[in-house]
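Engineer: Got a predicted model here, sequence first, then my questions.
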There are 2 protein chains.
Amino acid sequence: MSDTPYFKHHVFFCMNKRDDGRDSCGAHGAETAQKHAKKRCKELGLNGHGKVRINQAGCLDRCDDGPVLVVYPEGTWYTYVDTSDVDEIIDSHLVNGKVVERLKI
Amino acid sequence: MSDTPYFKHHVFFCMNKRDDGRDSCGAHGAETAQKHAKKRCKELGLNGHGKVRINQAGCLDRCDDGPVLVVYPEGTWYTYVDTSDVDEIIDSHLVNGKVVERLKI
């Protein structure tokens, strides 16, 4: 457990979409946000082994706080409203290692 | 980053399925394995806040080692052949905190 992590920051976006009337991250821009993050990290050269990985995930079971994402191995959970929030998480947390307290859940 | 983790063990199965002829975890029993893990953890009462979460994920970008899963926050990566390997990961790692060295990648 003291190994160097395969990814320095492994980011999982909850992409769950419900079609039974209940709310879900997928109904709050999760797909747009995840695609945006993936593209932006690629542009910044952050992607790859030893660096950053942006992933899709199924329901992360924190629906009441959604839309949500989690950054591992540090286990920092965030909510976001739009892609500018996602940019702030990228710039502050992924690039500079500084948690974005206002979006943390 | 010293917060108690929301999930003690957060498990992500790569569920990626390619339809372009290239190989993928989805072609090696990922769906069966993830469903099996989810059901078994539920039966064992492991699921929930502060305990275990079994998740689906998109491509985890370790295709050559696949099928793969990763357990966070510890960042332990595993491959598996069948559901008995998954059971061993559950019984040893998730229940007893002991890494399964023979499946670790």
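Structural biologist: Noted; the coordinates are in hand. On a predicted model such as this, the values are computed, not experimentally measured, just so you know.
Engineer: average pLDDT across stretch A:51-65?
Structural biologist: Taken as a whole, stretch A:51-65 has an average pLDDT of 96.
Engineer: Tell me if that stretch is near chain B.
Structural biologist: Yes. Using C-beta under 8 Å from any C-beta of the partner chain, stretch A:51-65 reaches chain B at A:53, A:55-62. In this view, the C-beta of every residue, glycine as well, is placed from N, C-alpha and C.
Engineer: neighbouring contacts of that stretch?
Structural biologist: A:7-16, A:22-25, A:34, A:37-38, A:41, A:46-47, A:68, A:70, A:77, A:79, A:94, A:105, B:6, B:12, B:49, B:53, B:55-61 (C-beta atoms under 8 Å, 6 or more residues apart in numbering or on different chains).
Engineer: what do you get if the cut-off is 6 Å, keeping everything else the same?
Structural biologist: Contacting residues not belonging to stretch A:51-65 are listed as A:7-12, A:14-16, A:34, A:37-38, A:41, A:46, A:68, A:79, A:94, A:105, B:53, B:55-58, B:61 [C-beta atoms under 6 Å, 6 or more residues apart in numbering or on different chains].
Engineer: Can you flag the buried ones in the residues you listed?
Structural biologist: Burial by neighbour count, 16 or more other C-beta atoms under 10 Å in any protein chain shown: within the contacts of stretch A:51-65 this picks out A:7-12, A:14-16, A:34, A:37-38, A:41, A:46, A:68, A:79, A:94, B:53, B:55-58, B:61.
Engineer: ok so, going back, adding distance to residue B:30 and secondary structure, write the residues of stretch A:51-65 next to chain B out as JSON lines.
Structural biologist: Formatted as JSON lines, the residues of stretch A:51-65 next to chain B follow (distance: C-beta to C-beta, whole Å; DSSP: H, G, I helix; E, B strand; the rest coil):
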{"residue": "A:53", "distance to residue B:30": "17", "secondary structure": "strand"}
{"residue": "A:55", "distance to residue B:30": "14", "secondary structure": "strand"}
{"residue": "A:56", "distance to residue B:30": "14", "secondary structure": "strand"}
{"residue": "A:57", "distance to residue B:30": "14", "secondary structure": "strand"}
{"residue": "A:58", "distance to residue B:30": "12", "secondary structure": "coil"}
{"residue": "A:59", "distance to residue B:30": "17", "secondary structure": "coil"}
{"residue": "A:60", "distance to residue B:30": "18", "secondary structure": "coil"}
{"residue": "A:61", "distance to residue B:30": "20", "secondary structure": "coil"}
{"residue": "A:62", "distance to residue B:30": "23", "secondary structure": "coil"}
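Engineer: Kind regards, and thank you for your time.
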